[in-house]
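J.: the sequence isn't on hand, but the structure is:
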DNA sequence: CCTCAGTGTTGACAGTGTCCACATCCAAAG
DNA sequence: CTTTGGATGTGGACACTGTCAACACTGAGG
(Lines give C-alpha, C1' and ligand atoms only; values in the text may rest on other atoms or scores of the structure.)
Protein backbone atom coordinates (compact mmCIF):
# COMPACT_ATOMS: atom_id res chain seq x y z
CA UNK A 1 0.00 0.00 0.00
CA UNK A 2 1.63 3.19 -1.06
CA UNK A 3 -1.24 5.43 0.03
CA UNK A 4 -2.38 8.41 -2.04
CA UNK A 5 0.46 10.87 -1.81
CA UNK A 6 -0.62 12.63 1.39
CA UNK A 7 2.24 15.04 1.93
CA UNK A 8 5.27 12.86 2.09
CA UNK A 9 5.60 11.00 -1.12
CA UNK A 10 7.21 7.91 0.32
CA UNK A 11 9.83 7.08 -2.29
CA UNK A 12 10.35 10.30 -4.12
CA UNK A 13 13.97 9.55 -4.87
CA UNK A 14 13.13 6.51 -6.97
CA UNK A 15 10.23 8.30 -8.61
CA UNK A 16 12.50 11.19 -9.53
CA UNK A 17 15.02 8.83 -11.06
CA UNK A 18 12.35 7.20 -13.19
CA UNK A 19 10.90 10.53 -14.27
CA UNK A 20 14.37 11.83 -15.08
CA UNK A 21 15.16 8.89 -17.33
CA UNK A 22 11.87 9.32 -19.14
CA UNK A 23 12.40 13.02 -19.63
CA UNK A 24 15.92 12.53 -20.95
CA UNK A 25 14.59 9.94 -23.35
CA UNK A 26 12.13 12.52 -24.65
CA UNK A 27 14.17 15.70 -24.86
CA UNK A 28 17.79 14.68 -24.33
CA UNK A 29 20.13 15.63 -21.49
CA UNK A 30 20.67 19.14 -22.81
CA UNK A 31 17.03 20.20 -22.64
CA UNK A 32 16.51 18.23 -19.45
CA UNK A 33 15.04 20.36 -16.70
CA UNK A 34 14.82 19.76 -12.99
CA UNK A 35 11.58 21.64 -12.68
CA UNK A 36 9.96 19.56 -15.39
CA UNK A 37 10.98 16.39 -13.56
CA UNK A 38 9.36 17.79 -10.43
CA UNK A 39 6.22 18.61 -12.38
CA UNK A 40 6.00 15.07 -13.71
CA UNK A 41 6.45 13.66 -10.24
CA UNK A 42 3.65 15.92 -9.08
CA UNK A 43 5.68 17.78 -6.48
CA UNK A 44 6.96 21.29 -6.01
CA UNK A 45 9.98 22.54 -7.88
CA UNK A 46 12.09 22.39 -4.72
CA UNK A 47 11.31 18.93 -3.43
CA UNK A 48 14.10 17.29 -5.47
CA UNK A 49 16.63 19.22 -3.42
CA UNK A 50 15.78 17.06 -0.40
CA UNK A 51 17.17 14.06 -2.30
CA UNK A 52 19.79 15.50 -4.61
CA UNK A 53 22.18 18.32 -3.83
CA UNK A 54 21.78 19.74 -7.29
CA UNK A 55 20.62 19.00 -10.79
CA UNK A 56 23.86 17.29 -11.70
CA UNK A 57 23.55 14.88 -8.80
CA UNK A 58 20.31 13.58 -10.25
CA UNK A 59 22.03 13.18 -13.60
CA UNK A 60 24.90 11.45 -11.84
CA UNK A 61 22.44 9.01 -10.30
CA UNK A 62 21.09 8.24 -13.76
CA UNK A 63 24.62 7.68 -15.03
CA UNK A 64 25.44 5.44 -12.07
CA UNK A 65 22.37 3.33 -12.74
CA UNK A 66 23.50 3.13 -16.35
CA UNK A 67 26.97 1.85 -15.50
CA UNK A 68 25.51 -0.76 -13.17
CA UNK A 69 23.14 -2.05 -15.82
CA UNK A 70 25.92 -1.98 -18.38
CA UNK A 71 28.20 -4.01 -16.12
CA UNK A 72 25.40 -6.54 -15.69
CA UNK A 73 24.79 -6.73 -19.41
CA UNK A 74 28.48 -7.24 -20.12
CA UNK A 75 29.04 -9.80 -17.42
CA UNK A 76 26.06 -12.02 -17.91
CA UNK A 77 25.98 -14.11 -21.10
CA UNK A 78 22.84 -13.47 -23.10
CA UNK A 79 21.61 -17.01 -23.32
CA UNK A 80 23.30 -19.98 -21.80
CA UNK A 81 25.81 -20.57 -24.57
CA UNK A 82 25.02 -24.22 -24.88
CA UNK A 83 28.10 -26.36 -24.47
CA UNK A 84 30.41 -24.34 -26.69
CA UNK A 85 33.23 -26.43 -27.94
CA UNK A 86 36.03 -23.98 -28.68
CA UNK A 87 37.15 -20.73 -27.10
CA UNK A 88 34.26 -20.06 -24.74
CA UNK A 89 36.03 -17.07 -23.22
CA UNK A 90 36.50 -15.49 -26.63
CA UNK A 91 32.86 -16.16 -27.34
CA UNK A 92 31.81 -14.36 -24.20
CA UNK A 93 34.16 -11.49 -24.92
CA UNK A 94 32.68 -10.97 -28.34
CA UNK A 95 29.17 -11.37 -27.00
CA UNK A 96 29.86 -8.63 -24.48
CA UNK A 97 30.70 -6.31 -27.34
CA UNK A 98 27.30 -6.95 -28.84
CA UNK A 99 25.76 -6.50 -25.42
CA UNK A 100 27.36 -3.05 -25.21
CA UNK A 101 25.68 -1.98 -28.42
CA UNK A 102 22.41 -3.61 -27.41
CA UNK A 103 22.50 -1.72 -24.13
CA UNK A 104 23.05 1.54 -26.01
CA UNK A 105 20.09 0.87 -28.27
CA UNK A 106 17.84 -0.07 -25.39
CA UNK A 107 18.88 2.75 -23.05
CA UNK A 108 20.28 5.56 -25.15
CA UNK A 109 19.30 8.07 -22.47
CA UNK A 110 21.58 6.34 -20.01
CA UNK A 111 24.51 6.22 -22.40
CA UNK A 112 24.12 9.89 -23.22
CA UNK A 113 24.36 10.91 -19.60
CA UNK A 114 27.13 8.43 -18.88
CA UNK A 115 29.45 9.74 -21.54
CA UNK A 116 28.20 13.05 -22.90
CA UNK A 117 27.49 14.96 -19.77
CA UNK A 118 30.37 16.62 -17.93
CA UNK A 119 30.11 15.38 -14.34
CA UNK A 120 33.06 16.08 -12.05
CA UNK A 121 34.09 12.56 -11.01
CA UNK A 122 35.33 13.66 -7.60
CA UNK A 123 31.95 15.17 -6.78
CA UNK A 124 30.15 11.90 -7.47
CA UNK A 125 32.25 9.04 -6.12
CA UNK A 126 29.51 6.45 -6.57
CA UNK A 127 29.45 7.27 -10.24
CA UNK A 128 33.16 6.82 -10.77
CA UNK A 129 33.09 3.64 -8.72
CA UNK A 130 30.33 2.25 -10.92
CA UNK A 131 32.17 3.18 -14.07
CA UNK A 132 35.38 1.56 -12.80
CA UNK A 133 33.45 -1.58 -11.99
CA UNK A 134 31.99 -1.78 -15.47
CA UNK A 135 35.42 -1.33 -17.01
CA UNK A 136 36.90 -4.05 -14.82
CA UNK A 137 34.27 -6.47 -16.07
CA UNK A 138 35.58 -5.85 -19.57
CA UNK A 139 39.19 -6.31 -18.52
CA UNK A 140 38.34 -9.62 -16.87
CA UNK A 141 36.75 -10.85 -20.07
CA UNK A 142 39.92 -9.96 -21.94
CA UNK A 143 42.10 -11.73 -19.40
CA UNK A 144 39.97 -14.84 -19.59
CA UNK A 145 40.34 -14.89 -23.36
CA UNK A 146 44.07 -14.35 -23.01
CA UNK A 147 44.57 -17.28 -20.68
CA UNK A 148 42.47 -19.35 -23.03
CA UNK A 149 44.92 -18.40 -25.75
CA UNK A 150 42.38 -16.76 -28.03
CA UNK A 151 43.78 -13.28 -27.44
CA UNK A 152 47.48 -12.46 -27.50
CA UNK A 153 49.24 -12.08 -24.17
CA UNK A 154 50.18 -8.58 -23.19
CA UNK A 155 48.60 -5.52 -21.67
CA UNK A 156 45.02 -6.58 -21.04
CA UNK A 157 43.94 -3.02 -20.31
CA UNK A 158 45.18 -1.79 -23.66
CA UNK A 159 43.46 -4.64 -25.47
CA UNK A 160 40.28 -3.91 -23.59
CA UNK A 161 40.48 -0.27 -24.58
CA UNK A 162 40.76 -1.15 -28.24
CA UNK A 163 37.67 -3.30 -28.07
CA UNK A 164 35.88 -0.73 -25.98
CA UNK A 165 36.67 2.00 -28.48
CA UNK A 166 35.17 0.01 -31.32
CA UNK A 167 31.88 -0.84 -29.64
CA UNK A 168 31.63 2.57 -28.05
CA UNK A 169 32.03 4.17 -31.44
CA UNK A 170 29.37 1.92 -32.94
CA UNK A 171 27.03 2.62 -30.04
CA UNK A 172 27.44 6.38 -30.08
CA UNK A 173 27.14 6.70 -33.83
CA UNK A 174 24.12 4.43 -33.82
CA UNK A 175 22.14 6.34 -31.23
CA UNK A 176 23.12 9.62 -32.85
CA UNK A 177 21.62 8.11 -36.05
CA UNK A 178 24.82 8.73 -37.92
CA UNK A 179 25.07 5.20 -39.31
CA UNK A 180 23.32 4.41 -42.60
CA UNK A 181 21.21 1.68 -41.00
CA UNK A 182 17.71 2.05 -39.68
CA UNK A 183 16.46 -0.92 -37.74
CA UNK A 184 18.01 -2.11 -34.54
CA UNK A 185 18.57 -5.54 -36.02
CA UNK A 186 20.54 -4.08 -38.93
CA UNK A 187 22.64 -2.10 -36.49
CA UNK A 188 23.30 -5.16 -34.37
CA UNK A 189 24.27 -7.12 -37.45
CA UNK A 190 26.68 -4.35 -38.39
CA UNK A 191 28.09 -4.37 -34.85
CA UNK A 192 28.69 -8.11 -35.09
CA UNK A 193 30.54 -7.61 -38.38
CA UNK A 194 32.67 -4.90 -36.85
CA UNK A 195 33.55 -7.07 -33.87
CA UNK A 196 34.43 -9.93 -36.17
CA UNK A 197 36.55 -7.60 -38.29
CA UNK A 198 38.48 -6.46 -35.26
CA UNK A 199 39.25 -10.04 -34.32
CA UNK A 200 40.09 -11.38 -37.75
CA UNK A 201 41.36 -8.21 -39.36
CA UNK A 202 39.65 -6.29 -42.09
CA UNK A 203 42.47 -6.71 -44.54
CA UNK A 204 42.06 -9.05 -47.52
CA UNK A 205 42.32 -12.73 -46.71
CA UNK A 206 45.25 -12.95 -49.12
CA UNK A 207 47.45 -10.00 -48.20
CA UNK A 208 48.61 -8.17 -51.28
CA UNK A 209 52.04 -7.44 -49.95
CA UNK A 210 53.82 -9.78 -47.68
CA UNK B 1 43.20 48.74 -40.03
CA UNK B 2 40.17 47.50 -38.28
CA UNK B 3 39.45 50.76 -36.48
CA UNK B 4 38.39 50.88 -32.85
CA UNK B 5 34.94 49.34 -32.84
CA UNK B 6 32.91 52.48 -33.54
CA UNK B 7 29.37 51.16 -33.58
CA UNK B 8 29.37 48.61 -36.29
CA UNK B 9 31.84 45.95 -35.41
CA UNK B 10 32.79 45.09 -38.95
CA UNK B 11 33.03 41.33 -38.83
CA UNK B 12 31.03 40.34 -35.83
CA UNK B 13 30.02 37.01 -37.29
CA UNK B 14 33.57 35.75 -37.45
CA UNK B 15 34.37 37.21 -34.05
CA UNK B 16 31.36 35.46 -32.55
CA UNK B 17 32.44 32.16 -34.03
CA UNK B 18 35.90 32.53 -32.55
CA UNK B 19 34.57 33.54 -29.16
CA UNK B 20 32.09 30.66 -29.22
CA UNK B 21 34.80 28.10 -29.88
CA UNK B 22 36.90 29.52 -27.06
CA UNK B 23 34.01 29.49 -24.64
CA UNK B 24 33.08 25.91 -25.50
CA UNK B 25 36.69 24.93 -24.99
CA UNK B 26 36.53 26.40 -21.50
CA UNK B 27 33.13 25.33 -20.21
CA UNK B 28 31.83 22.75 -22.66
CA UNK B 29 28.77 22.97 -24.91
CA UNK B 30 26.36 22.36 -22.05
CA UNK B 31 27.38 25.42 -20.03
CA UNK B 32 27.85 27.46 -23.19
CA UNK B 33 25.92 30.71 -23.08
CA UNK B 34 25.02 33.09 -25.84
CA UNK B 35 25.18 36.08 -23.54
CA UNK B 36 28.67 35.20 -22.39
CA UNK B 37 29.80 35.01 -26.00
CA UNK B 38 28.36 38.46 -26.56
CA UNK B 39 30.14 39.75 -23.47
CA UNK B 40 33.45 38.40 -24.70
CA UNK B 41 32.93 40.00 -28.07
CA UNK B 42 32.21 43.26 -26.29
CA UNK B 43 28.74 43.72 -27.68
CA UNK B 44 25.22 43.72 -26.32
CA UNK B 45 23.46 40.48 -25.54
CA UNK B 46 21.22 40.83 -28.56
CA UNK B 47 23.70 41.65 -31.28
CA UNK B 48 24.31 37.96 -32.10
CA UNK B 49 20.71 37.72 -33.29
CA UNK B 50 21.60 39.87 -36.30
CA UNK B 51 23.90 37.07 -37.49
CA UNK B 52 22.37 33.88 -36.09
CA UNK B 53 18.69 33.10 -35.81
CA UNK B 54 19.18 31.47 -32.45
CA UNK B 55 21.72 29.99 -30.11
CA UNK B 56 21.70 26.66 -31.90
CA UNK B 57 22.53 28.29 -35.21
CA UNK B 58 25.77 29.56 -33.75
CA UNK B 59 26.52 26.08 -32.46
CA UNK B 60 25.63 24.71 -35.88
CA UNK B 61 28.14 27.09 -37.44
CA UNK B 62 30.79 25.78 -35.07
CA UNK B 63 29.89 22.22 -36.00
CA UNK B 64 29.98 23.04 -39.70
CA UNK B 65 33.44 24.56 -39.35
CA UNK B 66 34.44 21.39 -37.53
CA UNK B 67 33.27 19.07 -40.30
CA UNK B 68 35.07 21.16 -42.89
CA UNK B 69 38.33 21.05 -40.99
CA UNK B 70 37.87 17.36 -40.36
CA UNK B 71 37.33 16.69 -44.05
CA UNK B 72 40.52 18.61 -44.80
CA UNK B 73 42.46 16.71 -42.18
CA UNK B 74 41.23 13.37 -43.52
CA UNK B 75 41.79 14.19 -47.15
CA UNK B 76 45.21 15.72 -47.01
CA UNK B 77 48.12 13.42 -46.15
CA UNK B 78 50.03 14.66 -43.12
CA UNK B 79 53.46 14.82 -44.68
CA UNK B 80 54.21 13.96 -48.25
CA UNK B 81 54.50 10.22 -47.78
CA UNK B 82 57.78 9.96 -49.54
CA UNK B 83 57.67 7.52 -52.40
CA UNK B 84 55.81 4.73 -50.60
CA UNK B 85 56.47 1.44 -52.24
CA UNK B 86 53.47 -0.71 -51.36
CA UNK B 87 49.79 0.02 -50.84
CA UNK B 88 49.82 3.80 -50.85
CA UNK B 89 46.03 3.94 -50.69
CA UNK B 90 45.98 1.72 -47.61
CA UNK B 91 48.64 3.92 -46.07
CA UNK B 92 46.55 7.01 -46.63
CA UNK B 93 43.46 5.30 -45.30
CA UNK B 94 45.20 4.37 -42.07
CA UNK B 95 46.76 7.81 -41.81
CA UNK B 96 43.32 9.34 -42.07
CA UNK B 97 42.28 7.32 -39.03
CA UNK B 98 45.12 8.84 -37.07
CA UNK B 99 44.19 12.24 -38.44
CA UNK B 100 40.68 11.78 -37.07
CA UNK B 101 42.03 11.23 -33.58
CA UNK B 102 44.53 14.04 -33.95
CA UNK B 103 41.74 16.37 -34.97
CA UNK B 104 39.75 15.37 -31.92
CA UNK B 105 42.69 16.05 -29.62
CA UNK B 106 43.39 19.40 -31.23
CA UNK B 107 39.80 20.59 -31.43
CA UNK B 108 37.78 18.71 -28.83
CA UNK B 109 35.31 21.59 -28.66
CA UNK B 110 34.46 21.12 -32.31
CA UNK B 111 34.00 17.38 -31.97
CA UNK B 112 31.75 17.82 -28.96
CA UNK B 113 29.41 20.11 -30.83
CA UNK B 114 29.57 18.02 -33.99
CA UNK B 115 28.43 14.82 -32.33
CA UNK B 116 27.10 15.52 -28.85
CA UNK B 117 24.78 18.40 -29.45
CA UNK B 118 21.32 17.69 -30.80
CA UNK B 119 20.95 19.93 -33.86
CA UNK B 120 17.98 19.28 -36.12
CA UNK B 121 19.70 18.51 -39.44
CA UNK B 122 16.87 19.95 -41.53
CA UNK B 123 17.16 23.29 -39.76
CA UNK B 124 20.84 23.61 -40.62
CA UNK B 125 21.36 22.32 -44.16
CA UNK B 126 24.92 23.64 -44.39
CA UNK B 127 25.80 21.52 -41.41
CA UNK B 128 24.43 18.29 -42.82
CA UNK B 129 26.05 19.05 -46.16
CA UNK B 130 29.41 19.50 -44.47
CA UNK B 131 29.01 16.29 -42.51
CA UNK B 132 28.07 14.37 -45.65
CA UNK B 133 31.12 15.77 -47.39
CA UNK B 134 33.41 14.63 -44.61
CA UNK B 135 31.93 11.16 -44.70
CA UNK B 136 32.34 10.93 -48.45
CA UNK B 137 36.04 11.68 -48.08
CA UNK B 138 36.28 8.62 -45.89
CA UNK B 139 34.35 6.46 -48.34
CA UNK B 140 36.64 7.55 -51.16
CA UNK B 141 39.67 6.51 -49.17
CA UNK B 142 38.11 3.09 -48.64
CA UNK B 143 37.32 2.72 -52.33
CA UNK B 144 40.85 3.65 -53.30
CA UNK B 145 42.22 0.99 -50.96
CA UNK B 146 39.74 -1.50 -52.37
CA UNK B 147 40.76 -0.94 -55.96
CA UNK B 148 44.36 -1.20 -54.83
CA UNK B 149 43.47 -4.60 -53.41
CA UNK B 150 44.46 -3.82 -49.85
CA UNK B 151 40.88 -3.89 -48.62
CA UNK B 152 38.36 -6.57 -49.54
CA UNK B 153 35.85 -5.75 -52.24
CA UNK B 154 32.30 -5.19 -51.07
CA UNK B 155 30.18 -2.49 -49.53
CA UNK B 156 32.57 0.42 -49.16
CA UNK B 157 30.14 2.33 -47.00
CA UNK B 158 29.92 -0.49 -44.48
CA UNK B 159 33.69 -0.84 -44.37
CA UNK B 160 34.01 2.88 -43.88
CA UNK B 161 31.55 2.76 -41.01
CA UNK B 162 33.55 0.08 -39.25
CA UNK B 163 36.71 2.13 -39.46
CA UNK B 164 34.83 5.28 -38.52
CA UNK B 165 33.37 3.61 -35.46
CA UNK B 166 36.79 2.60 -34.22
CA UNK B 167 38.46 5.98 -34.55
CA UNK B 168 35.36 7.79 -33.37
CA UNK B 169 35.31 5.65 -30.26
CA UNK B 170 38.98 6.31 -29.60
CA UNK B 171 38.50 10.02 -30.16
CA UNK B 172 35.45 10.37 -27.92
CA UNK B 173 36.87 8.29 -25.10
CA UNK B 174 40.14 10.18 -25.33
CA UNK B 175 38.68 13.64 -25.06
CA UNK B 176 36.34 12.48 -22.30
CA UNK B 177 39.53 11.34 -20.52
CA UNK B 178 38.18 7.85 -20.18
CA UNK B 179 41.27 6.16 -21.57
CA UNK B 180 44.10 5.27 -19.17
CA UNK B 181 46.60 7.37 -21.09
CA UNK B 182 47.60 10.91 -20.33
CA UNK B 183 49.71 12.54 -22.98
CA UNK B 184 48.54 13.16 -26.49
CA UNK B 185 51.45 11.20 -27.88
CA UNK B 186 50.48 8.13 -25.82
CA UNK B 187 46.93 8.43 -27.05
CA UNK B 188 48.06 8.73 -30.66
CA UNK B 189 50.28 5.69 -30.22
CA UNK B 190 47.30 3.79 -28.85
CA UNK B 191 45.18 4.94 -31.77
CA UNK B 192 47.79 3.66 -34.19
CA UNK B 193 47.79 0.29 -32.45
CA UNK B 194 44.02 0.12 -32.62
CA UNK B 195 44.03 0.93 -36.31
CA UNK B 196 46.65 -1.68 -36.93
CA UNK B 197 44.65 -4.21 -34.92
CA UNK B 198 41.57 -3.56 -37.00
CA UNK B 199 43.50 -4.20 -40.17
CA UNK B 200 45.47 -7.24 -39.07
CA UNK B 201 43.06 -8.64 -36.51
CA UNK B 202 43.58 -8.68 -32.81
CA UNK B 203 43.45 -12.45 -32.56
CA UNK B 204 46.63 -14.43 -31.90
CA UNK B 205 48.94 -14.76 -34.85
CA UNK B 206 48.56 -18.52 -34.63
CA UNK B 207 44.83 -19.06 -34.27
CA UNK B 208 44.05 -21.56 -31.56
CA UNK B 209 41.22 -23.17 -33.44
CA UNK B 210 41.22 -23.44 -37.15
C1' DC C 1 21.37 66.01 -48.49
C1' DC C 2 18.08 62.32 -47.79
C1' DT C 3 16.78 57.65 -47.10
C1' DC C 4 16.78 53.17 -45.86
C1' DA C 5 18.53 48.65 -45.09
C1' DG C 6 21.87 46.63 -42.16
C1' DT C 7 23.69 46.44 -37.71
C1' DG C 8 23.82 47.19 -32.68
C1' DT C 9 21.22 48.58 -28.16
C1' DT C 10 17.81 48.76 -24.49
C1' DG C 11 14.06 46.82 -22.15
C1' DA C 12 10.97 43.22 -21.34
C1' DC C 13 9.17 38.38 -20.44
C1' DA C 14 8.89 33.62 -19.25
C1' DG C 15 11.59 29.84 -17.70
C1' DT C 16 15.63 27.95 -15.13
C1' DG C 17 18.83 26.44 -10.98
C1' DT C 18 19.34 27.38 -6.41
C1' DC C 19 18.81 29.69 -1.75
C1' DC C 20 15.91 30.77 2.24
C1' DA C 21 12.17 30.58 5.43
C1' DC C 22 8.20 28.10 6.51
C1' DA C 23 4.79 23.98 6.73
C1' DT C 24 3.79 19.30 7.54
C1' DC C 25 4.54 14.77 9.11
C1' DC C 26 6.41 10.68 11.71
C1' DA C 27 8.80 8.53 15.41
C1' DA C 28 11.12 8.40 19.51
C1' DA C 29 11.79 10.53 24.28
C1' DG C 30 9.68 11.94 28.23
C1' DC D 1 -0.28 10.21 25.67
C1' DT D 2 2.11 14.40 24.73
C1' DT D 3 6.07 16.68 23.05
C1' DT D 4 9.49 17.57 20.03
C1' DG D 5 12.95 17.34 16.57
C1' DG D 6 14.55 15.71 12.22
C1' DA D 7 13.17 14.53 7.67
C1' DT D 8 10.51 15.86 3.90
C1' DG D 9 7.71 19.01 0.99
C1' DT D 10 6.15 24.12 -0.21
C1' DG D 11 6.26 28.98 -1.57
C1' DG D 12 8.76 32.95 -2.56
C1' DA D 13 12.87 35.20 -4.13
C1' DC D 14 17.11 36.12 -6.94
C1' DA D 15 20.28 36.15 -10.69
C1' DC D 16 20.73 34.37 -15.03
C1' DT D 17 19.28 32.61 -19.56
C1' DG D 18 17.12 32.65 -24.60
C1' DT D 19 14.30 35.32 -27.24
C1' DC D 20 11.12 39.12 -28.78
C1' DA D 21 9.92 44.02 -29.84
C1' DA D 22 11.03 48.72 -30.23
C1' DC D 23 14.47 51.95 -30.92
C1' DA D 24 19.28 54.09 -32.37
C1' DC D 25 23.19 54.52 -35.12
C1' DT D 26 25.73 54.22 -39.50
C1' DG D 27 27.14 54.33 -44.27
C1' DA D 28 26.16 53.64 -49.25
C1' DG D 29 23.34 54.95 -53.22
C1' DG D 30 19.65 57.99 -54.87
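T.: Arrived safely. Quick caveat, the model's predicted, so the values are computed rather than measured. Numbering: from 1, shown residues only, chains lettered A, B, ... in the order given.

J.: give me the number of neighbouring residues for residue A:134.
T.: 22 (other Cβ atoms under 10 Å in any protein chain shown). All C-beta spots, glycine's among them, are computed from the backbone N, C-alpha and C.

J.: okay, it: pLDDT?
T.: Reading off the confidence values, residue A:134 has pLDDT 98.

J.: where along chain A do the helices fall?
T.: Using DSSP state H, the helices of chain A run over residues A:12-31, A:34-41, A:55-75, A:88-106, A:108-116, A:125-148, A:156-175, A:184-200.

J.: who wins for proximity to chain B among these?
T.: helix A:156-175 (2.9 Å; Cβ to the nearest Cβ).

J.: residue A:76: neighbour count?
T.: 12.

J.: quick one: it and residue A:95, what's the gap?
T.: 10 Å (Cβ to Cβ, to the nearest Å).

J.: likewise residue A:194?
T.: Per Cβ to Cβ, residue A:194 is found 14 Å from residue A:95.

J.: when these two are compared, which one has more neighbours?
T.: Higher neighbour count among residue A:194 and residue A:95: residue A:194, with 26 against 20, using other Cβ under 10 Å.

J.: pLDDT at that one, what is it?
T.: Residue A:194 is assigned a predicted lDDT (pLDDT) of 98.

J.: can you pull the contacts of the residue lying closest to it once chain neighbours are set aside?
T.: Excluding the flanking residues, the one nearest residue A:194 by Cβ to Cβ, 6 or more residues apart in numbering or on different chains is residue B:162, at 4.6 Å. Contact partners of residue B:162, counting by Cβ atoms under 8 Å, 6 or more residues apart in numbering or on different chains, are A:190, A:193-194, A:197, A:202, B:198.

J.: rerun at 10 Å
T.: Listed by Cβ atoms under 10 Å, 6 or more residues apart in numbering or on different chains, the contact set of residue B:162 reads A:166, A:169-170, A:190-191, A:193-198, A:202, B:142, B:198.

J.: roughly how far does the most centrally placed residue in chain A sit from residue B:189?
T.: When Cα atoms, centre = their mean is applied to chain A, the residue found nearest the centroid is residue A:70 (4.4 Å). From residue A:70 across to residue B:189, the span is 27 Å (Cβ to Cβ).

J.: out of the helices of chain A, the one nearest residue B:59 is which?
T.: Checking these against residue B:59 by Cβ to Cβ gives helix A:12-31 as the closest, at 10.3 Å.

J.: what about that closest one and chain B, touching?
T.: Yes. Judged by Cβ under 10 Å from any Cβ of the partner chain, helix A:12-31 and chain B are in contact via A:27-31.
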